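Q: A predicted structure for the sequence below; I have some questions about it.
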Amino acid sequence: MDALAGPRDAADWRATRARGDALTIWRVARPPEEGGYPGLRPGVELVDAMRVERDVAVPVRDGTRLRVDLFLPDAHSSPLPALIAWGPYGKHSPLRCKDIAGSGVEAAWVSDHASFEGPDPVYWTRHGYALVHVDPRGTWGSEGDCVFHDPREALDCYDVIEWLASQPWCSGQVGMTGVSYLAIVQWYVAALHPPHLAAINPWEGFTDLYRDYTFHGGIPEVGFSTLWLASRVGYGTGRVEDLVAEAAAHPLFDDYWRYKVPDLSSIDVPAYVVAGWGDHGLHTRGTIEGFRAIASEYKWLEIHGQQKWGYYYEPASVERQRQFFDRFLLGRETEVSSWPRVRFEVRTGSGTVGPLLARESWPPEDVEQRTLYLDAARGRLAEALPPQEADVAYEAVDSTGAVFEHVFTEDTDVVGTVACTIWLECRGSDDADVFVALQKLDAGGERVGFPFYTTFYDGDVALGWLRASHRANAEGDEALEVLRHERRHELLAGRAVPVTVEVWPTATRFRAGETLRLVLKGRDTFAYGPEARVMAHGSYRVGTHVIRTGGRYPSRLTLPVLIGGR
């Protein structure tokens, strides 16, 4: 697969930019003042025991000047390692995670100097670090045209890293941390091997723009991505990449999406990778796959079941971040050397913190695959294939869909990626969008909610999606088959075909007497208002879906169940 790799000489740099420019659909950026930008404010101030240098101009290799804010301890006698927070939201922005209702961030955890989804300069400068907030190319006061999740952005970040390492106050050790966008860029630049990038801490980002974010199972995401581009980013004086228009122009995985894939296998920098179970459709899958794919000798994966902003900023998490960076940027012996390779929370429901389990790999080595078969005659998930064939039908526009349930007779931890295989016939259309939700019911039959998409607490156990015409041309993977999404295979009238949906990974505990519910629909399995900033899909809402089960039609769930000690 053609992917970003480095190091790069001048010819490579020009070729990378030229290729990206040829693939990009541009629109005019919105005036920065519309986003509350106060304009350039170069100067130095002393505040909260920090020396703050605002709007420092950093030249990258084509002469474009990016603007950064530097936060240094007011008094320091030795060179400092630097941490970069790289995001398009504006280093001037008053938007703070702690000010957003439901974020889980307590006001005392973070100062007002932190950028959106970024580390707190007050904390890090007090512990002997410099903190650097960057406005990427084409955003706010930085010159040029703005692109997103892109090799061109990574090349700029490479240059900023090397510029920082050359500063007289810097030790030459540079790290990166931050949530979401601030995490995603780390995969791209780490694949270029900047000489002075010493460690990364990608906290809930994605690694495959097509599969993780823009097209879920080939179904276009038109909710969160549209609102994000319309309200959060795109302020500058030049042009900005139009991701929505590009998604519409590239519904299949083609050269545009290949250009956007970082070469994860080439990454060898130390990495502390953090994912969350509640970001299905945004960050969960890509973060875990990033950990699995990188070649770093020193890498750790942590997966939590809480709200992502709250988990990033809570004091215990910040302390782990510092233990990691102290080890690889300051060269100190810390508790990192005793960390298990993988730690993950097994969720039990919103408002609780489930047990944290330690393993040495992902998927865990002590997981076995168990099969539950769909039984349309009884609406059940059965441990044996029903001998009698049956079917259930629902309209693609229907809000109920088809429901199957299984009551566990013993405590069971479902840990990993679930596969849902159904025999599907579609009447009245040559294609069908399949939406899968796994839900948990308590022993009394009440649905148990989980943290979801940053500020919600009523999410499902796990979600999966597939446009049925994308069901073919898979390539082998040690965990499951990954669909290429390179061409369509339409459904034929009157014919049922097997369709396997990747249900994103989870770690959820079901006690004896609790129920696993499988919901199948032709539309999103949840409904929030248009301003809720969660994902929504532009799905085929045409025709009738017929799910066939039993006998010749072994529709089933394949569950990864933890069999080792807890």
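A: Yep, it's here.
Q: please count neighbours and contacts with C-alpha atoms only from this point.
A: Will do.
Q: strands along the stretch 301-450 of the chain, start to end?
A: With DSSP state E, counting those that start in this stretch as the criterion, the stretch 301-450 of the chain has strands at 342-345, 356-359, 367-375, 380-382, 390-395, 402-407, 412-427, 433-441, 447-448, 450-452.
Q: would CSV of those with distance to residue 239, mean pLDDT and mean neighbour count be doable?
A: Shown next, in CSV, are the strands of the stretch 301-450 of the chain (distance: least, CA to CA, whole Å; pLDDT from 0 to 100; neighbours: other CA atoms under 10 Å):
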stretch, distance to residue 239, mean pLDDT, mean neighbour count
strand 342-345, 41, 98, 22
strand 356-359, 46, 96, 15
strand 367-375, 49, 97, 21
strand 380-382, 52, 98, 21
strand 390-395, 43, 97, 18
strand 402-407, 46, 98, 20
strand 412-427, 40, 97, 23
strand 433-441, 35, 98, 24
strand 447-448, 45, 97, 18
strand 450-452, 33, 94, 25
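Q: what would those strands look like in a markdown table with distance to residue 227?
A: What follows is the strands of the stretch 301-450 of the chain, written out as a markdown table (distance: least, CA to CA, whole Å):
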| stretch | distance to residue 227 |
| --- | --- |
| strand 342-345 | 31 |
| strand 356-359 | 34 |
| strand 367-375 | 37 |
| strand 380-382 | 38 |
| strand 390-395 | 28 |
| strand 402-407 | 30 |
| strand 412-427 | 29 |
| strand 433-441 | 22 |
| strand 447-448 | 29 |
| strand 450-452 | 18 |
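Q: and those strands: which comes nearest residue 18?
A: strand 433-441 (36.2 Å; CA to CA).
Q: other SSEs contacting that closest one?
A: strand 447-448, strand 462-467, strand 497-510, strand 515-521 (3 or more CA pairs under 8 Å, 6 or more residues apart in numbering; DSSP states H and E).
Q: the same query, at a cut-off of 6 Å, please.
A: Counting contacts by 3 or more CA pairs under 6 Å, 6 or more residues apart in numbering; DSSP states H and E, strand 433-441 packs against strand 447-448, strand 462-467, strand 515-521.
Q: closest to residue 313 out of these?
A: strand 462-467 (24.8 Å).
Q: report all helices and strands that that closest one contacts.
A: Packed next to strand 462-467, using 3+ CA pairs under 6 Å, 6+ apart, are strand 433-441, strand 497-510.
Q: what is the neighbour count of the nearest residue to residue 413 once chain neighbours are set aside?
A: Leaving aside its chain neighbours, residue 413 sits nearest to residue 509 (4.4 Å; criterion: CA to CA, 6 or more residues apart in numbering). Residue 509 has 23 neighbouring residues, counting by other CA atoms under 10 Å.
Q: now residue 389
A: Neighbours around residue 389, by other CA under 10 Å: 16.
Q: phi, psi of the residue lying closest to it once chain neighbours are set aside?
A: Closest residue to residue 389 apart from its sequence neighbours, by CA to CA, 6+ apart: residue 550 at 4.4 Å. Dihedral pair for residue 550: phi 80, psi 160, per degrees, to the nearest 10.
Q: swap in the one 3 residues further on?
A: Backbone dihedrals for residue 553, given as degrees, to the nearest 10, come out at phi -120, psi 80.
Q: count of residues packed around it?
A: Residue 553, neighbours per other CA under 10 Å, totals 25.
Q: beta partners of it?
A: residue 550 (DSSP bridges).
Q: CA atoms of stretch 506-516 as PDB?
A: Extracted in PDB, the C-alpha atoms of stretch 506-516 (Å, rounded to 0.1, in the frame of the first residue of the first chain):
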ATOM      1  CA  THR A 506     -15.200  -3.700  23.200                       C
ATOM      2  CA  ALA A 507     -14.500  -5.100  26.600                       C
ATOM      3  CA  THR A 508     -17.800  -5.600  28.500                       C
ATOM      4  CA  ARG A 509     -18.800  -7.800  31.400                       C
ATOM      5  CA  PHE A 510     -22.100  -9.600  31.500                       C
ATOM      6  CA  ARG A 511     -23.100 -11.100  34.700                       C
ATOM      7  CA  ALA A 512     -25.100 -14.300  34.900                       C
ATOM      8  CA  GLY A 513     -28.700 -13.400  34.200                       C
ATOM      9  CA  GLU A 514     -27.800 -10.400  32.100                       C
ATOM     10  CA  THR A 515     -28.700 -10.200  28.400                       C
ATOM     11  CA  LEU A 516     -26.800  -9.500  25.200                       C
END
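Q: using TSV, lay out the helices and strands packed on strand 433-441 together with distance to residue 431.
A: Output for the helices and strands packed on strand 433-441, formatted as TSV (distance: least, CA to CA, whole Å):
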stretch	distance to residue 431
strand 447-448	31
strand 462-467	7
strand 515-521	14
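Q: contacting residues for the residue sitting nearest the centre point of the chain?
A: By CA atoms, centre = their mean, the chain has its centre lying nearest to residue 283, at 1.7 Å. Counting by CA atoms under 6 Å, 6 or more residues apart in numbering, residue 283 touches 204, 205, 206.
Q: where does the stretch 401-550 of the chain dip in pLDDT?
A: 474-480, 530-531 (pLDDT under 70).
Q: try it again at 90.
A: Scanning the stretch 401-550 of the chain for pLDDT under 90 picks out 453-456, 472-482, 492-494, 526-534, 538-542.
Q: quickly find the element holding residue 490.
A: For residue 490, there is no helix or strand it lies in under DSSP states H and E.
Q: check the gap between it and residue 425 for me.
A: 11 Å (CA to CA, to the nearest Å).
Q: distance of the residue nearest to the centre of the chain from residue 207?
A: Distance from residue 283 to residue 207, by CA to CA: 9 Å.
Q: got it, and residue 258?
A: Taking CA to CA, one finds residue 258 at 12 Å from residue 207.
Q: comparing these two, which residue is more hemmed in?
A: residue 207 (28 against 16).
Q: ok, now which ones touch the closest residue to that one other than its chain neighbours?
A: Take residue 207 and drop its neighbours on the chain: the residue closest to it by CA to CA, 6+ apart is residue 286, 4.9 Å away. Going by CA under 6 Å, 6+ apart, residue 286 touches 206, 207, 212.
Q: could I get stretch 80-91 in PDB with only the CA atoms?
A: The C-alpha trace of stretch 80-91 is given here as PDB (Å, rounded to 0.1, in the frame of the first residue of the first chain):
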ATOM      1  CA  LEU A  80      14.300  21.500  28.500                       C
ATOM      2  CA  PRO A  81      12.500  18.800  26.600                       C
ATOM      3  CA  ALA A  82       9.600  20.100  24.600                       C
ATOM      4  CA  LEU A  83       6.100  18.700  24.200                       C
ATOM      5  CA  ILE A  84       4.000  19.700  21.100                       C
ATOM      6  CA  ALA A  85       0.200  20.200  21.000                       C
ATOM      7  CA  TRP A  86      -0.600  20.400  17.300                       C
ATOM      8  CA  GLY A  87      -4.200  21.100  16.300                       C
ATOM      9  CA  PRO A  88      -6.400  23.400  14.100                       C
ATOM     10  CA  TYR A  89      -8.700  24.800  16.800                       C
ATOM     11  CA  GLY A  90      -6.600  27.900  17.500                       C
ATOM     12  CA  LYS A  91      -4.000  28.300  20.200                       C
END
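Q: that older thread, the residue nearest to residue 207: what secondary structure?
A: When classified by DSSP: H, G, I helix; E, B strand; the rest coil, residue 286 comes out as helix.
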